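**Q** from the sequence below, what's the structure:
(chains A and B, ligands or ions: 2)
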Amino acid sequence: MKGALVFWPPTASARAAEVDHVVIAFTVVLLCLTVPIFLFMTYCAWKYRAGRAADRSHPQARNLKIELSWMLIPFGLALIFFVWAARIYDDELHPPPNALQIDAIGRQWMWKFQHPGGQAEINDLHVPMNEPVRINLISQDVVHALYIPALRIQMDAIPGRATFLWFDADRAGKYRLYCSEFCGTDHSRMAGTLYVMEPKDYEAWLAAQGSVAGLAEQGRELFSRFGCSGCHERGSTVRAPSLAGLYGSPVPLEDGRIVTADVSYIMDKILYPDQNKIAGYKQKMPSFDGKISDSDLLRIVAFIRSIGTT
Amino acid sequence: MSELVLRDAPPPVATIGRPETYLNDGQTIRSWLFTTDHKRIGVLYLISITFFFIIGAIAAGLIRLALVVPDGSILTNDIYNKLFTLHGVIMVWFFLVPSIPNVLGNFLLPIMIGAKDVAFPRLNLLSWYIFMGAAVFELFVLIAGGVDTGWTFYTPLSTIYSNSWVIPAVLGVIVVGFSSILTGVNFITTVHTMRAPGMTWFRMPLFVWSMYATSLILVLATPVLTMAMVLLFYERAFGIGVFDPGAGGDPVMFQHLFWFYSHPVVYVMVLPGMGVMSELVTAFAYKRVFGYTFIAYSSMAIAAIGFFVWGHHMFFNGISEYSGMSFSLLSFAVAVPSAIKVYNWAATIHKGEIRLATPMLYAMGWIALFVVGGITGLFLASLGIDAHVHDTYFVVAHFHYIMVGATVLAFLGGIHYWWPKITGKMYPEFWGRVSALFMFVGFNMTFAPQFVLGYLGMPRRYHTYPPQFQFLNILSSAGATVLAAAYLFPLAYLLWSIRYGRDAPPNPWDARGLEWTIPSPPPPHNFEEVPVVDFEPYDYPNRIPEA
Ligand SMILES: [Cu+2]
Ligand SMILES: [Cu+2]
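**A** Ligands and ions are numbered 1, 2, ... in the order given. Prediction:
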């Protein structure tokens, strides 16, 4: 997934393959309709260039038959593709009733996915292959959009409105998922990975999720007890950066430096928030120096790590 | 630009021998700032929008610079977001919308129909003042405070969540809208009431038809933008709850209102370009245009159908399936009149007497870019395909092909073609051709890779991106460098020509049309006596007369 030069996106569902077919067929037809124009114009520019002797008798200035044919034939051909593409859209809007339902919550700037058994994940999404999956989308703040290029699909997540998308992935693997609707400062970091898994691997993954109650899980609880979530989670009145995806990523600071959010940066930020002020935010975070024990600090950092991309 | 002309003009004594032109009729700054001459107002607009184009282009350059690296380490996320908002707002409202209509339209429309001026000359000047007031204010807002919502101002990001200067930015957009409306009203009235005797509707140059269609859109669509922006302002300032779901509003409502204006306004940018094309192609093919009535009516068809396709920007925000399909079908339909024009221009060249001078090179380049922009628009209008390429770089590439490719090339082609008329000077032909070629190459190098990026799945407005997209992004940024150089060329040699260029004859191209029957530059009142039109448009004889 790194560095390599690619010119065609991966294809992970039958519908994605069909979209590619429409695109290729439409491209061929449109080239047939337009390339002749360019060839004709180039030919004329040469043949009838000023000063060159050529037969210029009977130039036409109108011809109803020609006009109508180049109006209606291309339109008729294009309509085939209108219908073809509309049928794909129709399929996208009609999920099978037995689809596996996963909830997706968009917020500045992370995706939270919740599986039917309660397992939740941030920015990453695990799904079984060869099974229809329906993602129910909502947003807690602004308009976002869940976009999975390998499945050739996207849908807005809108506050106050329920939307969904569905797919039936047929190739196991890791694919990228994005937020494609501009949603503010860290829009481009609202991205993650889609894991399409063999059904048994998916079951195993679900089971493993259920049993994790380590440091990070205790940290999650401390995160709300110390009041961090009041600012760093939704509905807060203070505008504070989302901590999802923070760990390991570069942070632009107010003074122009860019630092990597490693363990020591995060600890420093909790203890001495006035150092390393972040670009784009008002520093309103209180210092927790002396108010938090070392072991609790570690748990909280472990939690922040767990919701970061690795 | 104007100042050079002023300094260059001979002292009053010598003027007596010289014909009086709109340029030497009154030499003071005051005579320019209080002019009601449509030609001078056109020149004022030319100077102002060139300035705003440069600002918008610098922002674009910085954006392309930032995208050379995938990790976003060159600019911070906040600055990046403010830059693309500035780029979009400045380019759309302060360059593209006023570009051809307010510069070439102002200068040429009255002359082309044989009138002394527009119907409301003082309103015309007021429109420029409103434009300048809004533009200077907006620029200050976007630079001093910055706005990070994108030029689309989607709610509730713009109303509740953004911490930037949304309110003043919105006010600037509201105000500049009035300038558009005044120009639109003025042009419509002028075409209806000021045509010279014999200038029937179907003897009007196709450029005038396109200006007429454009003005209709400006007058009908701009008020809807004003409404949307006023509501946005109320919502952000007072939380009235039109768009906020928490207060019973609907954020999608804003998108409907916004695109009800912003799709038709795409045609405000393209129709004038099409009008310029009809003039250039006929003049340099030295031939009557093929299918005059089809081209004229297709402008009106575009203006009309263009009002019913706004939903194609919203296929994936939960609109109903039937509205999705209707908007898709209508978007296919609106492509038909555009296709008609392209085929007609190609047919016009057939059996002509073709001169590949700079304006014609721009015209040929225009057709190529417009066709690419148009057919990629059909991909976006196709529902199943849009599911993949919506809000990706594919869209960015598509609308730059239309708006930069088509509008800017037509604008520059038109500027070259009418430069002798506007300034009375010839530009250097060799450099003109070089600039046209560079622009074509640079443009394609910048935006063609973005189609691939979009299909690969790179979302638009991304400040960081996965490393495998880096190569194409670097290619695109390299193209932007070529494009920037290509823009500087005409800026330099056109300014040079004002001082050092050859004097232009009244009709350097042997072209038809009333503007070529009067001296270059035109006298203050255009025509010595009211012209009587007893000829058909583009009545080119078969061969160019021997010089
Ligand atoms: Cu986003
Ligand atoms: Cu549109």
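**Q** now A:Val251: phi and psi?
**A** In terms of degrees, to the nearest 10, the main-chain angles of A:Val251 are phi -120, psi 120.
**Q** tell me the contacts of it?
**A** Taking Cβ atoms under 8 Å, 6 or more residues apart in numbering or on different chains, we find A:Val251 in contact with A:258-261, A:265, A:276, A:278. Every C-beta, even on glycine, is put in place using the N, C-alpha and C of the backbone.
**Q** cutoff 10 Å now
**A** A:241, A:257-261, A:265-266, A:269, A:276, A:278-279, B:76 (Cβ atoms under 10 Å, 6 or more residues apart in numbering or on different chains).
**Q** just those residues now: which is nearest ligand 1?
**A** Relative to ligand 1, the closest of these is A:Pro241; by Cβ to the ion it sits at 14.7 Å.
**Q** thinking that closest one is in contact with A:Thr185, fair?
**A** Yes - taking contacts as Cβ atoms under 10 Å, A:Pro241 lies within contact range of A:Thr185: 8.2 Å.
**Q** distance of the residue of the stretch 201-350 of chain B found nearest chain A relative to ligand 1?
**A** Here the residue of the stretch 201-350 of chain B nearest chain A is B:Pro245; by Cβ to the nearest Cβ that distance is 2.4 Å. Distance of B:Pro245 to ligand 1, given as Cβ to the ion, to the nearest Å: 18 Å.
**Q** how many neighbouring residues does that residue have?
**A** By other Cβ atoms under 10 Å in any protein chain shown, the residues close to B:Pro245 number 17.
**Q** tell me who's in contact with it.
**A** Contacts of B:Pro245 (Cβ under 10 Å, 6+ apart): A:139, A:158-161, B:155-156, B:251-252.
**Q** most neighbours among those residues, which one?
**A** Counting neighbours by other Cβ under 10 Å, B:Thr155 leads the contacts of B:Pro245 with 30 neighbours.
**Q** follow-up on the earlier one: which members of the contacts of B:Pro245 are positioned in strands?
**A** Secondary structure from DSSP state E places A:Ser139 of the contacts of B:Pro245 in strands.
**Q** so which of the contacts of B:Pro245 is the closest to ligand 1?
**A** A:Ser139 (9.9 Å).
**Q** which element follows the helix or strand that contains B:Ala368 toward the C-terminus?
**A** Using DSSP states H and E, B:Ala368 maps to helix B:358-381. Downstream of helix B:358-381, the next assigned helix or strand under DSSP H and E is helix B:383-389.
**Q** the stretch 201-310 of chain A: helices as residue ranges?
**A** Using DSSP state H, counting those that start in this stretch, the helices found in the stretch 201-310 of chain A span residues A:215-225, A:228-232, A:263-271, A:294-306.
**Q** okay, these, which one's buried deepest?
**A** The highest mean neighbour count among the helices of the stretch 201-310 of chain A, using mean count of other Cβ atoms under 10 Å in any protein chain shown, belongs to helix A:294-306: a mean of 18.
**Q** show residues contacting it.
**A** Contacts of helix A:294-306 from elsewhere in the structure, counted by Cβ under 10 Å, 6+ apart, are A:122, A:212, A:214-223, A:225-226, A:228, A:232, A:243-244, A:246-248, A:261-264, A:266-267, A:269-271, A:288, A:292-293.
**Q** pull up the residues of the stretch 101-250 of chain B that are close to chain A.
**A** By the rule Cβ under 10 Å from any Cβ of the partner chain, the part of the stretch 101-250 of chain B lying against chain A is B:148-150, B:152, B:154-164, B:243-250.
**Q** and the strand or helix carrying B:Thr50, what's buried?
**A** Assigned by DSSP H and E, B:Thr50 belongs to helix B:38-66. Residues of helix B:38-66 classed as buried: B:38-46, B:48-50, B:52-53, B:55-57, B:59-64, B:66 (neighbour count, 16 or more other Cβ atoms under 10 Å in any protein chain shown).
**Q** so where is the stretch 51-200 of chain A shaky, pLDDT-wise?
**A** For the stretch 51-200 of chain A, no stretch has pLDDT under 70.
**Q** strands of that one, start to end?
**A** In the stretch 51-200 of chain A, the strands defined using DSSP state E, counting those that start in this stretch lie at A:100-107, A:110-114, A:120-122, A:125-128, A:133-139, A:144-148, A:153-157, A:163-167, A:173-179, A:192-197.
**Q** quick one, what contacts the residue lying closest to B:Arg355 once chain neighbours are set aside?
**A** With Cβ to Cβ, 6 or more residues apart in numbering or on different chains as the criterion, B:Arg355 has its nearest non-adjacent residue at 4.6 Å, and that residue is A:Ala50. The contact partners of A:Ala50, by Cβ under 10 Å, 6+ apart, come to B:284-286, B:352-357, B:543-544.
**Q** just checking, which of these belong to helices?
**A** Applying DSSP state H to the contacts of A:Ala50, the entries found in helices are B:284-285.
**Q** any chance of the contacts of A:Ala50 in JSON lines, with pLDDT, distance to B:Ala368 and neighbour count too?
**A** Conversion of these to JSON lines gives the following (pLDDT from 0 to 100; distance: Cβ to Cβ, whole Å; neighbours: other Cβ atoms under 10 Å in any protein chain shown):
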{"residue": "B:Phe284", "pLDDT": "94", "distance to B:Ala368": "16", "neighbour count": "28"}
{"residue": "B:Ala285", "pLDDT": "91", "distance to B:Ala368": "16", "neighbour count": "29"}
{"residue": "B:Tyr286", "pLDDT": "90", "distance to B:Ala368": "22", "neighbour count": "24"}
{"residue": "B:Gly352", "pLDDT": "87", "distance to B:Ala368": "18", "neighbour count": "28"}
{"residue": "B:Glu353", "pLDDT": "88", "distance to B:Ala368": "22", "neighbour count": "22"}
{"residue": "B:Ile354", "pLDDT": "91", "distance to B:Ala368": "16", "neighbour count": "25"}
{"residue": "B:Arg355", "pLDDT": "91", "distance to B:Ala368": "19", "neighbour count": "18"}
{"residue": "B:Leu356", "pLDDT": "92", "distance to B:Ala368": "14", "neighbour count": "16"}
{"residue": "B:Ala357", "pLDDT": "94", "distance to B:Ala368": "17", "neighbour count": "21"}
{"residue": "B:Arg543", "pLDDT": "66", "distance to B:Ala368": "28", "neighbour count": "11"}
{"residue": "B:Ile544", "pLDDT": "65", "distance to B:Ala368": "25", "neighbour count": "15"}
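**Q** could you chop chain A up by domain?
**A** A:1-41+A:67-94, A:100-208, A:215-306 (automatic domain parsing).
**Q** highest average neighbour count across those domains?
**A** domain A:100-208 (a mean of 21).
**Q** contacts only, for the residue nearest the centre of chain B.
**A** Residue closest to the average C-alpha location in chain B (Cα atoms, centre = their mean): B:Leu96, at 3.5 Å. By Cβ under 10 Å, 6+ apart, the contact list for B:Leu96 reads B:49, B:52-53, B:56, B:90, B:265-266, B:268-270, B:272-273, B:403-404, B:407-408, B:411.
**Q** tell me the contacts of residue 197?
**A** Answering for chain A, as no chain was given. Taking Cβ under 10 Å, 6+ apart, one finds A:126-129, A:169, A:172-174, A:203-206 in contact with A:Met197.
**Q** meant chain B, my bad for not saying
**A** Residues counted as contacts of B:Pro197 (Cβ under 10 Å, 6+ apart) are B:114, B:530-534.
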